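Peer 1: Turn this into a structure:
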Amino acid sequence: MGFSVLQKPYRPWPAEWEGSVETERVTCPLNTGHRRSGKRIGDLRIVLPNAKPADFVWTWYSDLLIGERALALLTEAKITGFETRPAETRHKNGKKPPGTFREVVVTGWGGVAPPASGIRYDEEQSCTTCGMLRYTGLEHAEELVDESQWDGSDIFIIWPLPAYLIVSDRFVNLIRKHRLSGLKWLPVEQLSSIDSLGPGRLGYWMPEERARLLGEPLGIA
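Peer 2: Down below sits the predicted model:
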């Protein structure tokens, strides 16, 4: 079984958030330096380039949207590990794009990165008062996927790298077969090293119930 990480292609140009996006604000009573944004509030409002949108659309902040055709194909093929939520889209010129787009929300789970990957919880940099989580960086990408923790989903995340969407060969083969546009991918073992990680909480990335189920036993919900 091979795994790849989805990446933004160089083209088409990423989409933009329309106006400011509201997020929860996290404050720490012990350390003012820990003030930060929390979970996003509300659905995405996206401004697309004026060109015809791809089947998958990325934003500058790595949100991933999926068009009607691609969603129908993934659903028909029973691709697992994601759900969608509404997203409002328009072109820069004000016109509505053909069809609708929805935000991809990953629910698939690959567990916690093994220590052999170089990723470890950084107790000194974390904060139990406000819940800030910090981890050391990725050093050995070839050790990142531990199949004993993987739930078998075609799209999944490994903690603490929730912004990196990992996909199965089945997913990649479907994209290739139907020539769906807007995605590129890299084998997991070819990921570059990462210095340090501050992923927030799992609830920032997954639906609330799913995040609670997976995250509470680990203290990351």
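Peer 1: Next, count neighbours for the closest residue to residue 41 other than its chain neighbours.
Peer 2: Among residues not flanking residue 41 along the chain, residue 22 sits closest, at 4.4 Å (CB to CB, 6 or more residues apart in numbering). In this view, the C-beta of every residue, glycine as well, is placed from N, C-alpha and C. Per other CB atoms under 10 Å, the neighbour tally for residue 22 reads 10.
Peer 1: In this structure residue 22 contacts residue 37, no?
Peer 2: No. Checked against CB atoms under 8 Å, the pair residue 22 and residue 37 is beyond contact range at 9.6 Å.
Peer 1: Report the spatially closest residue to the residue sitting furthest away from the middle of the chain, excluding sequence-adjacent ones.
Peer 2: Distance from the C-alpha centroid of the chain, by CA atoms, centre = their mean, peaks at residue 30 (30.2 Å). When the adjacent residues along the chain are set aside, residue 30 lies closest to residue 129, with 4.9 Å between them (CB to CB, 6+ apart).
Peer 1: now the one you found: how far from residue 169?
Peer 2: 43 Å (CB to CB, to the nearest Å).
Peer 1: Could you do residue 63 as well?
Peer 2: 25 Å.
Peer 1: So if I had to pick from these two, which one is more boxed in?
Peer 2: A side-by-side neighbour count of residue 63 and residue 169, using other CB under 10 Å, places residue 63 first with 20 against 12.
Peer 1: does that one really touch residue 105, like I thought?
Peer 2: No. Using CB under 8 Å, residue 63 is not in contact with residue 105, being 9.7 Å away.
Peer 1: how about residue 3, what does it touch?
Peer 2: Residues touching residue 3, when contacts are defined by CB atoms under 8 Å, 6 or more residues apart in numbering, comprise 145, 166-169, 187-188.
Peer 1: what do you get if the cut-off is 10 Å, keeping everything else the same?
Peer 2: 110, 144-145, 147, 150, 156, 158, 166-169, 171-172, 185, 187-189 (CB atoms under 10 Å, 6 or more residues apart in numbering).
Peer 1: what's the answer for residue 162, then?
Peer 2: Shown here is residue 162, whose contacts under the criterion CB under 10 Å, 6+ apart are 106, 197, 199-202, 204-206, 220.
Peer 1: ok, now which ones touch the residue most central in space within the chain?
Peer 2: For the chain, residue 163 is the residue whose C-alpha lies nearest the centre (CA atoms, centre = their mean; 3.9 Å). For residue 163, the contacting residues are 61-63, 157, 197, 199-200, 205, by CB under 10 Å, 6+ apart.
Peer 1: Just the buried residues from these, in PyMOL please.
Peer 2: In PyMOL, the members of those classed as buried (16 or more other CB atoms under 10 Å) are selected with the following command:
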select buried, resi 63+157+197+199+200+205
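Peer 1: And the contacts of residue 163, which is closest to residue 10?
Peer 2: Within the set of those, residue 62 lies nearest residue 10; the separation is 14.5 Å, counting by CB to CB.
Peer 1: gap between the residue nearest to residue 41 and residue 213?
Peer 2: Between residue 22 and residue 213 the computed distance is 26 Å (CB to CB).
Peer 1: And for residue 120?
Peer 2: With distances taken as CB to CB, residue 120 is found 24 Å from residue 213.
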